[in-house]
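> just to be clear, the model below is a prediction. Sequence and coordinates:
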Amino acid sequence: MTIYLEAVGRMKKETSLRTHIKEGFTDVFYVWYAENKLIFKDQAVIILFFLLPFGYPLIYSFIYNNEVVRDAALVVVDHDDSYVSREYTRRIDASPDVKVVSVCDDEEQAKRMLDEKKAYGYLILPSTFSADMYKGKQAHASLFSDMSCLLYYKAFRMAGVDASVSLLHDLARGTKSATTDEQQAIYIDPIPYETVATFNPQNGFAGFILPAILIFIIHQSLILGVSMLGGTHREKNTLHTLVPIMRHNRGTFRIVFGKALAYFMIYILVTFWCLVVVPKLFVFPSLFDVQTLILFCIPYLFACIFLAMFISCFIPNRESPMVLLVFTSLIFLFISGISWPKEMIPWYWKAFSYLLPATPGIQGFVRINTTGALLYDVSFEYQLLWIQTAFYFILTFFAYRRQVLLSHKKELGLVSG
Amino acid sequence: MTSSSIYLFCMVGIPLISTLFFLTLMPAGIPLDLPVAVVDQENSVTTRNIARTLDAFEQTSVYMTTPDFDKARKLMQQGKIYGIFCIPKNFSRDVARGNRPKIVCYSSYTFLVAGSFPFADMKTTALMAGLSIKKQKALAQGKTEEQLNASLQPIKIETHALGNPWQNYSIYLNNTLLPGVLQLIIFSMTVYSIGCEIKYGRAKAWLRMGKDNILLCLLGKLLPHTLVYVLVSLVMSVSMFSFASFPLACGWFPLLLAQFLLILAAQGMGVFMFSILPTLRLGLSLSSLFGMLSFSIVGFSFPVKSMNGALQGLTKVFPLRHYFLLYVDQPLNGRPMLDSWVQYVWFLGFILLPFLMMPFLKRELKTFDYIP
């Protein structure tokens, strides 16, 4: 025990401030250099650090490239077969999102087409459709939609409503006598409205999901890569601890900071690719303010790095991160509020989500990138990221300190290997 | 973490954690009271009434009313609101004069789901504002209620969402996400368990144990896994269809059969992936890539028919895609099993796939060394 205490004492021993600082810098630099060497020698880590963030955005951009759903297939069951019902059908068909693939007067036939996936919805116009309208009664139409894809359901509903509004306007124009066009317009449509899709003007799927995926890839690739490095260290190291005993591995702070610096410098490049180059390549909405983006990315990267380093302390071997951690992508993405709105997430999951840099990272970056928010507008997320950075730094520091002490203990034979 | 606890955590822990997470994430099923701002540049009784109408919608709530558009835009950039409903200055006067003032609805599709619900409500509110003016005129002209409705909304569309009448997101997502998690885990654990034999130098002993018959070795190793996965998927299904009461139009048998086939297919793909990339880390990279891509390429959020032509063909090699098609046919729409025979053939193909690779796998197990 005394030998062990001496070893600890040796670590803490005070030297003059100048040599202390000088040594500190050399050690940090040495750890930084050693970590870089490890990273670039390790093919698997290169895959996770470079190939993953470089390749994934390209694949996702390719999948969602078409952005919107066009020509969702609809069958119209027209029991009326009148001028009005045919005109209504034509107007639905004319909308960009829906295509009327067939008109029939048999519901069973329409259902069969759904079963055969020739169509994803059918609209029934009853035999009284036009008669009701001419009598001045409300006509009814029934829309049945397959629910395998919500985008189809939305397209059918929107097209049905829009066509009925435009038909209403035209029919009113025919039945109402007005002296001028202006007067007619006032009668038909006294308060016109306009809809504007701000920030994602095509209302596109890629413009919505990709910014989130881009910033999230950085998070996941860091966690996987750093964990793999940690697992490898532990496996190769004869003492089976995370930190091998070396002349330069003296201070915990120096080790943690040296490593973090190595990851940070590599990820400047990765971040530039993911957040600046890819949106330009695929022409996604990208309105970011450069200064805001840079200032935002610094705590994001450090929070991710320290979280990754903390997790890596618990990874038993080289390959296990790939089986233990990949599934988290799905949970972390959903908990961030990009898809299911954050207002609707139950409090316990919301509390958990604040532990992850991905949550403020995605919320903040999406707004900086897509809506052109400035640092002030994302101040909550920005502050949270710094808090997370501090929190995970402290956790990492103590986890590493435990590992350093463990190495020394094991070396001295105080603990069985 | 020891070797056996890795297996326990991955094969049982991860699917059950995911089930718990996704079933408790969306208790309401549809988003309610999503915040929007009303930019009211008139602030009269009429315009405040319109704002109240908007607030009364189930899925929209008015977060703030302000005369200043820039303030509302800032709120949008700060992520506090998902839409802006803009009523212009001198609105009431312009309506009375017949100047046709215009209401503008801004919605932020930065968050697609959160943006689209308030959007529909804002549009309806704007439409209703116009209709109420017409209603006043029509009542003054002495029309009956029935005539009134017909002139205001001549076609009423009743929507029927087949199989999921509440348009419940939890039902919509979980029926594909949770089997997807299971598939991801099966891919990776199959690769991992075979790869570890090589890594820890036990491959030859393993082959000897199976009397040098690779098929016997694999069955002995993977059948216990199959049993665990079947039990896990049972817990998943009971949670979804019994506890969370998801609709099940086809009864239990076709559902459980589909899950059983998915499990076997994923194990088959796992063996196949390791056979073509017999290095543990490369095999795992492939299985993770394949497992994660499944979620996007399966086409339940963005339909396959709208994807690029080459990708449409590629979707067929993902077992989850065929599971999704079975789900749509059977639990969602209650179609007869015979209708989905193509999917059963595909599943059979996935299950038979590793048999082609047996000789290669055997050679690899005998000759390959672990590459870090």
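On my side now, so go ahead. What you see is a predicted model, and the numbers here were worked out from it, not measured in a lab. Residues are numbered from 1 along each chain as shown, chains lettered A, B, ... in the order given.

> dump the residue contacts of the residue nearest to residue B:323 when sequence neighbours are not counted.
Leaving aside its chain neighbours, residue B:323 sits nearest to residue B:262 (4.6 Å; criterion: Cβ to Cβ, 6 or more residues apart in numbering or on different chains). Quick note: C-beta positions are derived from backbone N, CA and C, even for glycine. If a contact means Cβ atoms under 8 Å, 6 or more residues apart in numbering or on different chains, then residue B:262 has B:179, B:182, B:183, B:233, B:319, B:320, B:323, B:347 as its contacts.

> return the subset of those lying in helices.
B:179, B:182, B:183, B:233, B:319, B:320, B:323, B:347 (DSSP state H).

> hmm, back to that, who wins on neighbours among the contacts of residue B:262?
residue B:319 (31 neighbours; other Cβ atoms under 10 Å in any protein chain shown).

> and residue B:62, what does it touch?
Applying Cβ under 8 Å, 6+ apart, the residues contacting residue B:62 are B:35, B:36, B:37, B:38, B:51, B:54, B:55.

> among the residues you listed, which lie within helices?
Per DSSP H, these map to helices at B:51, B:54, B:55.

> can you tell me which residues contact the second one?
Under the criterion of Cβ under 8 Å, 6+ apart, the contact partners of residue B:54 comprise B:36, B:38, B:60, B:62, B:85, B:121, B:122, B:125.

> quick check: buried residues in stretch B:290-305?
B:290-305 (16 or more other Cβ atoms under 10 Å in any protein chain shown).

> show me which pair in these is furthest apart.
Taking Cβ to Cβ, the two most distant members of the buried residues of stretch B:290-305 are B:291 and B:305; they sit 23.4 Å apart.

> just give the closest residue to the residue nearest to the spatial centre of chain A, not the sequence neighbours.
Using Cα atoms, centre = their mean, the residue of chain A that lies closest to the mean C-alpha position is residue A:212, 3.0 Å off. With Cβ to Cβ, 6+ apart as the criterion, residue A:212 has its nearest non-adjacent residue at 4.3 Å, and that residue is residue A:338.

> which regions of chain B lie under the pLDDT threshold?
B:1-2, B:151-152 (pLDDT under 70).

> how is it divided into domains?
For chain B, the structural domains run B:3-26+B:166-367, B:34-152, going by automatic domain parsing.

> so which of those domains is nearest residue A:343?
domain B:34-152 (6.4 Å).

> contacting residues for residue A:88?
Residue A:88 sits next to A:125, A:129, A:141, A:163, A:164, A:167, B:155 when contact means Cβ under 8 Å, 6+ apart.

> and what of residue A:291?
Contact partners of residue A:291, counting by Cβ under 8 Å, 6+ apart, are residue A:375.

> how near is it to chain B?
Note on residue A:291: its distance to chain B, by Cβ to the nearest Cβ, to the nearest Å, is 16 Å.

> what does the stretch 1-150 of chain A have sitting close to chain B?
A:42-44, A:47, A:59-60, A:62-66, A:68-70, A:88, A:114-115, A:132-133, A:136-150 (Cβ under 8 Å from any Cβ of the partner chain).

> which residues of chain B fall in strands?
B:34-40, B:60-66, B:83-87, B:103-108, B:155-162 (DSSP state E).

> now render those as TSV, adding distance to residue B:240.
Formatted as TSV, those follow (distance: least, Cβ to Cβ, whole Å):
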stretch	distance to residue B:240
strand B:34-40	26
strand B:60-66	29
strand B:83-87	33
strand B:103-108	32
strand B:155-162	18
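
> looking at these, which is closest to residue A:222?
strand B:103-108 (29.2 Å).

> returning to that earlier point: chain A next: which of the buried residues of stretch B:290-305 are close?
Applying Cβ under 8 Å from any Cβ to the buried residues of stretch B:290-305, those adjacent to chain A are B:291, B:292, B:293, B:295, B:296, B:297, B:299, B:300, B:301, B:302, B:303.

> residue nearest the centroid of chain B?
Short answer for chain B (Cα atoms, centre = their mean): residue B:173, at 3.2 Å.

> so how far is residue B:91 from it?
According to Cβ to Cβ, to the nearest Å, residue B:173 stands 41 Å off from residue B:91.

> what about stretch A:94-114, how long is it end to end?
21 Å (Cα to Cα, to the nearest Å).

> pretty sure residue A:315 sits against residue A:232.
No - at 9.2 Å, residue A:315 and residue A:232 do not qualify as touching, with contact defined as Cβ atoms under 8 Å.

> of these two, who's got more company?
Taking neighbours as other Cβ under 10 Å, residue A:315 and residue A:232 compare with residue A:315 leading, 24 against 20.

> and the pLDDT for that one?
For residue A:315, the model assigns a pLDDT of 90.

> please give me every residue in contact with it.
Contacts of residue A:315 by Cβ under 8 Å, 6+ apart are A:227, A:228, A:230, A:231, A:234, A:321, A:324, B:1.

> quick one, which of those residues has the minimum pLDDT?
residue B:1 (49).

> domain assignment for chain A?
A:2-64+A:203-411, A:72-188.

> before we move on, the earlier item: same list, the contacts of residue A:88, but as a markdown table with distance to residue B:31, neighbour count and secondary structure please.
Output for the contacts of residue A:88, formatted as a markdown table (distance: Cβ to Cβ, whole Å; neighbours: other Cβ atoms under 10 Å in any protein chain shown; DSSP: H, G, I helix; E, B strand; the rest coil):
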| residue | distance to residue B:31 | neighbour count | secondary structure |
| --- | --- | --- | --- |
| A:125 | 32 | 26 | strand |
| A:129 | 34 | 21 | helix |
| A:141 | 27 | 22 | strand |
| A:163 | 27 | 23 | helix |
| A:164 | 26 | 20 | helix |
| A:167 | 31 | 19 | helix |
| B:155 | 28 | 22 | strand |
